[in-house]
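Peer 1: kindly return the folded structure for what I paste below:
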Amino acid sequence: MARKSQTGNSVFIISVLLTLIFIIWGVFFTDNLAYVTGNIYNGSIDYLGWLYLGATLFFVVFSIFLLFSKYGNIRLGKKTDRPDFNTASWLAMLFGAGMGVGIVYWAVAEPVTHFTNPPYGEAYTIEAANTAMKFTFFHWGLDPWAIYTMVGLALAFFQYNKRLPAAVSSAFYPILGDKVFGPIGKTIDILSIFATVFGIATSLGLGAMQVTAGMHHIFGIPNELFVQLIVIAVATVIFIISINTGLERGIQYLSNAAMILSFVIMLVVLVVGPTLTIIKVFFNTTGLYVSDFIQMSLRLIPFGEGAEWIASWTLFYWAWWIAWAPFVGMFIARVSKGRTIREFVIGVLIVPTLGTCLWMSIFGGSALELVQAAGNEGLAVFISENVSLSIFTFFEHLPFSSLLSILGFAVVAIYYVTVADTATFVLGMLSEGGTLNPSTKIKVTWGIIQSALAAVLLLAGGLEVLQTASIAAALPFTIILIIMCFSLLKGLKSEVEVQRGGKRITRL
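Peer 2: The predicted structure follows:
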């Protein structure tokens, strides 16, 4: 226990110092930071884009393999353990952590943007509309959830079945052994914290911009920097109060509320929108997505034009999901004790993918129908150029627009707080040597640091730079996650052998 405590303290201190150094760099040397991180990111995309594509496809195949494998019946924890949360709350929490405000932010904007600037073919055509929906499914479907499935499962397995600390480094115990408690393990955990802090700070900054845009659209409040800073401050107070109530109350209640409101909005748009078109879009796009999945997964265009589009969208997304993997995976592991591996994969990979595709069909399909029916290229361009306002612009063209805008704003605000809440909880776990219930002091400290980082970089104009930096960190994590898959497989094999022998070997 002393070793875990010392490890936690050193990881926390080093992580905070690195974060402060990065903040100073971002505030006072913004251009230099942009230059350095931009070169790293562009280099990784240009020269190692194939690695992102190949690794992400591998994660999908690996997750599906686990679903149907002999390991599917292994329970995360003891054989007598049962889930701490009911299935509905579990799905709501993992969905809020994994996607949350992102699907509200991009549900209308991405399909319309691809419609105006498709990866291939002519814009503003029926073919462009079908292609736009297909790639939207692709970017938000199996691939990101497979990344989360693999990371979350590995972390949960080694926490609950091998009794190791709730740290990313624990997932490498079959390969590294006791070295996970030394400098190598600490380095992995510090990198995980670093990626999480900056990924979440970026999301807080972007989320504040969307919340402010919604307030301007609905209530006429000025859409300016000062209001964005107030939004961050208020959100910080709210999620600090929430994290002090624990998982069983604060995060669970917020996630459930967000999910219920999301369902209400989906049903209203489905009923008052082009219902038949939405149903056709869902079935048609699902067919295109399934039939073209391998081709899209490995599409790089070595000859001719189009590589820039892939870099800007697909490779950007894959790097972003990988950068988020430690945070989301750790949180999913924390709330998944007592579930079998098969149940876990169905709940983290299959169900969210279907839900996300249905959501995108309802909003994206309706938006494309609206743009095409109106023959209004100007509206399409406006939506694609004003992403933070896209969902509210879309609601303006539907019945009950005011109600939908208010509900949409509420969902964005709740998801915004939920993501900050879950991230703070995870950072506390990582900082305190893998404890499942981090101290309030550590959680509050990280909450303030995250919000301060988002606010300071908004003031300095460095938010986009921070986003590039957090995604650049995805490159080493891609390799780490591939190794994690083989470590998990090795651990699962040993678990089967242990169970066949009628005993369990644990490691404290």
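
Peer 1: below-threshold pLDDT in the stretch 101-250 of the chain: ranges please.
Peer 2: For the stretch 101-250 of the chain, residues meeting the criterion pLDDT under 70 lie at 244-250.

Peer 1: strands of that one, residue ranges please.
Peer 2: Applying DSSP state E, counting those that start in this stretch to the stretch 101-250 of the chain gives no strands.

Peer 1: so who does the nearest residue in space to Leu229 that is not next to it in sequence touch?
Peer 2: Leaving aside its sequence neighbours, Leu229 sits nearest to Ala455 (Cβ to Cβ, 6 or more residues apart in numbering; 5.4 Å). C-beta here means a position set from N, CA and C on the backbone, and glycine is covered the same way. Going by Cβ atoms under 8 Å, 6 or more residues apart in numbering, Ala455 touches 205, 229, 232-233.

Peer 1: any chance of those residues in JSON lines, with neighbour count and distance to Trp321 too?
Peer 2: Shown next, in JSON lines, are the contacts of Ala455 (neighbours: other Cβ atoms under 10 Å; distance: Cβ to Cβ, whole Å):
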{"residue": "Gly205", "neighbour count": "23", "distance to Trp321": "19"}
{"residue": "Leu229", "neighbour count": "18", "distance to Trp321": "29"}
{"residue": "Ile232", "neighbour count": "23", "distance to Trp321": "24"}
{"residue": "Ala233", "neighbour count": "14", "distance to Trp321": "29"}
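
Peer 1: among those residues, which lie within helices?
Peer 2: 205, 229, 232-233 (DSSP state H).

Peer 1: could you single out the nearest of the residues you listed to Ser384?
Peer 2: Gly205 (21.0 Å; Cβ to Cβ).

Peer 1: and the closest one, how far is that from Asp31?
Peer 2: Gly205 sits 18 Å away from Asp31, taking Cβ to Cβ, to the nearest Å as the criterion.

Peer 1: go on, Leu427?
Peer 2: 29 Å.

Peer 1: who's more crowded, those two?
Peer 2: Using other Cβ atoms under 10 Å as the criterion, Leu427 and Asp31 rank with Leu427 on top: 27 against 10.

Peer 1: contacting residues around the one residue sitting closest to the centre of the chain?
Peer 2: Centroid-nearest residue in the chain, with Cα atoms, centre = their mean: Gly98, separated by 3.8 Å. Shown in contact with Gly98 (Cβ under 8 Å, 6+ apart): 144-145, 148, 328, 332, 352.

Peer 1: need the max-distance pair from the residues you listed.
Peer 2: So, these by Cβ to Cβ: farthest apart are Pro144 and Ile332, at 12.4 Å.

Peer 1: for the protein, longest helix please?
Peer 2: The chain, longest helix under DSSP H: helix 30-68.

Peer 1: next secondary structure after that helix?
Peer 2: Once helix 30-68 ends, the next helix or strand along the chain (criterion: DSSP states H and E) is helix 87-98.

Peer 1: alpha carbons of that next one, as PDB, please.
Peer 2: In PDB, the C-alpha atoms belonging to helix 87-98 read as follows (Å, rounded to 0.1, in the frame of the first residue of the first chain):
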ATOM      1  CA  THR A  87     -28.200  -1.300 -17.400                       C
ATOM      2  CA  ALA A  88     -30.000   1.900 -18.400                       C
ATOM      3  CA  SER A  89     -27.800   4.100 -16.100                       C
ATOM      4  CA  TRP A  90     -24.700   2.200 -17.100                       C
ATOM      5  CA  LEU A  91     -25.300   2.900 -20.800                       C
ATOM      6  CA  ALA A  92     -26.200   6.500 -20.100                       C
ATOM      7  CA  MET A  93     -22.900   7.100 -18.200                       C
ATOM      8  CA  LEU A  94     -20.700   5.400 -20.700                       C
ATOM      9  CA  PHE A  95     -22.400   7.200 -23.600                       C
ATOM     10  CA  GLY A  96     -22.100  10.600 -21.900                       C
ATOM     11  CA  ALA A  97     -18.400  10.000 -21.300                       C
ATOM     12  CA  GLY A  98     -17.700   8.600 -24.700                       C
END
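
Peer 1: average pLDDT for that helix?
Peer 2: For helix 87-98, the mean pLDDT works out to 86.

Peer 1: just the buried positions in that helix, please.
Peer 2: 89-98 (16 or more other Cβ atoms under 10 Å).

Peer 1: Gly54: neighbouring residues, count only.
Peer 2: Counted with other Cβ under 10 Å, the neighbours of Gly54 add up to 15.

Peer 1: look up how far Val417 lies from the nearest residue to it once chain neighbours are set aside.
Peer 2: Closest residue in space to Gly54, ignoring its immediate chain neighbours: Leu298 at 7.6 Å, by Cβ to Cβ, 6+ apart. To Val417, Leu298 is 38 Å away according to Cβ to Cβ.

Peer 1: and if you look at Ile362?
Peer 2: 24 Å.

Peer 1: again, but for Arg299
Peer 2: In this structure, Arg299 and Val417 are 37 Å apart, going by Cβ to Cβ.
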